[in-house]
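Asks: Sequence plus predicted model, see below.
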Amino acid sequence: MAVQAEPSTATRTVRRPPAAAPTLVEADLCVVGAGIAGVAAALTAARLGRRVVLADSLPTLGGQAVNSVIGLFAGLFSNGFDGYQLTRGIADDILRDLDAQGALHWRRGPPHKVVLYDEIALARWIEEAVRNAGITVLLGAVMREVDVEGQGRIREIRFAHRCGDVRVRAQGFVDASGDAALCWQAGFACREFGDGPIYGTQMVVLEHVNEAALPTREELAAHQHAMAPRYGMLRRDGFAFPFVGRGIALVNMTHIETPLEPLAFSATSLEGRHHADKAVAFLKGEYPDAFGRARIRTYGQPGIRQTRWIVGRQQLTVQQVRDGTRFDDAIARTAWPIELHSHAEGYIWQPFPPEHMHYVPFGALVPAEAENVVAAGRCIDGDAAALSSVRVMGPGMAMGIAAAHALDLAGAGSVQQIDTAALVARVRDNVEGEGPRYA
Ligand SMILES: Cc1cc2nc3c(=O)[nH]c(=O)nc-3n(C[C@H](O)[C@H](O)[C@H](O)COP(=O)(O)OP(=O)(O)OC[C@H]3O[C@@H](n4cnc5c(N)ncnc54)[C@H](O)[C@@H]3O)c2cc1C
């Protein structure tokens with residue numbers, strides 16, 4: 001109801017104080033990066049009773065899972081038509097709550113079972129879960145400096161925020177930045193791919209898609225392969241996944257470079273949208289029955305796969321992935337293929353047989369030079385091919401959960417010296433047993 005009053009004309013004059021002190025926040029754990037791995041770490045730590053700060057340079061939570069509109073949980077189920085769930089914890093809660101809202105769509109194998117999600121529902125789930133857990137969020141904050149003392153112990157991170165500077169002091173830190181930004185800023189050794197770019201993708205969501213007329217994934221890929229040059233498309237083997245019943249399709253058909261240099265990084269989103277428009281022109285031009293009325297509902301933030309990652313005290317190798325090596329300190333598992341986007345026109349895709357499983361050792365999450373930092377998500381240590389098979393969201397959540405438990409066990413001590421058996425016992429459900437199948 002409208003308020004019946006004269007509008008106030010009051011103003012006051014203000015000026016920035018000459019020495020505006022940064023805001024200081026103290027916590028048990030500071031998680032840098034609010035993607036799926038960082039959110040898993042923050043929620044797990046909060047459930048362990050820890051005071052948590054969750055920081056991200058974006059103004060929103062959810063990282064790429066939400067903002068790049070990835071739209072599909074991969075690596076979360078074992079292979080086969082009706083695989084079982086491999087990562088539990090927050091994955092259970094997300095699937096239960098989104099399923100209840102009708103915000104999931106299952107795609108069953110062979111070879112994989114994956115689940116599409118409504119990114120808006122996931123965003124709101126994360127926001128409410130973080131709010132209810134009492135986690136302090138610091139959004140739109142970019143790391144400026146990292147204080148390291150002694151033998152690789154981070155003491156404090158200084159962030160720049162549009163409203164002023166913020167210092168976060170904590171006992172433990174999780175690098176869930178995807179680009180190993182915390183370890184890089186701290187001066188710890190990092191890795192990059194030594195053989196050219198690993199391509200990212202500009203995702204788009206199309207609406208008003210006629211699902212009944214959609215080509216199969218194989219047909220679409222073969223036709224893109226043939227027609228890509230005519231439409232000026234760099235990549236020649238993408239796909240468009242329908243969210244059945246909603247007239248929506250997730251389009252993953254571009255390859256874009258995602259360099260970690262500020263100006264080139266910034267140009268990426270313009271370049272990506274340009275390429276995405278070409279992909280949509282191809283879909284409309286070649287499949288008018290399916291896509292003739294389609295419109296782009298959303299362009300995601302540029303999707304970044306592999307850029308820079310930590311030098312861990314152990315590196316996961318592609319041979320260990322292929323062998324399904326079961327490490328004593330395994331904290332995550334997946335059956336996802338090797339999926340290395342190292343070629344502009346396509347990507348290396350090597351799926352595994354139904355019974356295959358591979359594991360992530362805790363050693364690959366621990367920066368070799370750090371005392372109180374654990375990495376989680378797409379910036380843990382692996383060779384490029386091994387990393388490509390574990391950087392998806394199913395194992396990403398398991399890594400976040402493990403990172404929180406490891407730093408909880410470390411307390412004020414060193415994460416290099418925790419009782420690994422105790423850690424493994426805490427995360428046993430993520431490496432053993434069969435989770436739900438969602439019939
Ligand atoms: C196009 C594309 C398609 C994919 N498809 C699938 C799929 O279908 N299914 C699947 O499971 N996985 C898929 N993946 C992989 C998966 O999406 C990602 O690997 C996963 O989401 C990574 O999660 P993360 O939490 O490790 O990192 P991110 O989601 O990248 O989160 C990292 C966060 O850290 C923040 N950050 C970075 N630097 C700083 C800094 N200096 N200061 C503060 N904050 C910082 C970022 O803003 C970001 O929010 C895909 C990836 C891409 C790019």
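Replies: Structure received.
Asks: quick one, helices of the stretch 301-439 of the chain?
Replies: Taking DSSP state H, counting those that start in this stretch as the criterion, the stretch 301-439 of the chain carries its helices at 318-323, 384-388, 393-410, 420-426.
Asks: which secondary structure elements does the last one contact?
Replies: Under the contact criterion of 3 or more C-beta pairs under 8 Å, 6 or more residues apart in numbering; DSSP states H and E, the helices and strands touching helix 420-426 comprise strand 330-334, helix 393-410. C-betas here are computed from N, CA, C, even on glycine.
Asks: Can you give the contact residues for that helix?
Replies: D328, D329, A330, I331, F362, A402, H405, A406, L409, V431 (C-beta atoms under 8 Å, 6 or more residues apart in numbering).
Asks: before we move on, the earlier item: could you look over the helices of the stretch 301-439 of the chain and pick the most buried one?
Replies: With neighbours taken as mean count of other C-beta atoms under 10 Å, the helices of the stretch 301-439 of the chain reach their highest mean count in helix 393-410, at a mean of 28.
Asks: That helix vs the ligand: in contact?
Replies: Yes. Using C-beta under 6 Å from any ligand atom, we find that helix 393-410 touches the ligand at M393, G396.
Asks: what's the average pLDDT for that helix?
Replies: Averaging pLDDT along helix 393-410 gives 98.
Asks: Tell me how far that helix lies from the chain's centre.
Replies: Relative to the mean C-alpha coordinate of its chain, helix 393-410 is positioned 14 Å out (C-alpha atoms, centre = their mean, to the nearest Å).
Asks: Which residues of this protein lie near the ligand?
Replies: Counting by C-beta under 6 Å from any ligand atom, the chain sits next to the ligand at 32-38, 55-58, 63-65, 68, 70, 72-75, 142-143, 176-179, 181, 200-201, 203, 252, 303-305, 377-378, 391-393, 396.
Asks: Narrow those residues to those in strands?
Replies: Counting by DSSP state E, the residues of the chain next to the ligand place V32, A55, D56, L72, F73, V142, M143, N252 in strands.
Asks: how far does stretch 377-390 stretch from start to finish?
Replies: Start and end residues of stretch 377-390 are separated by 8 Å (C-alpha to C-alpha, to the nearest Å).
Asks: From the chain's centroid, how far away is that stretch?
Replies: Relative to its parent chain, stretch 377-390 has a centroid offset of 12 Å by C-alpha atoms, centre = their mean.
Asks: same question, stretch 56-70
Replies: Its chain's C-alpha centre and that of stretch 56-70 lie 8 Å apart, by C-alpha atoms, centre = their mean.
Asks: Give me the buried stretch members for that stretch, please.
Replies: 56-58, 60-70 (16 or more other C-beta atoms under 10 Å).
Asks: quick one: which of these is nearest R295?
Replies: Taking C-beta to C-beta as the measure, R295 sits nearest to V69 out of these, at 15.0 Å.
Asks: rewinding a little: now list the buried members of the ones in strands among the residues of the chain next to the ligand.
Replies: Neighbour counting over these (16+ other C-beta under 10 Å) leaves V32, A55, D56, L72, F73, M143, N252 as the buried ones.
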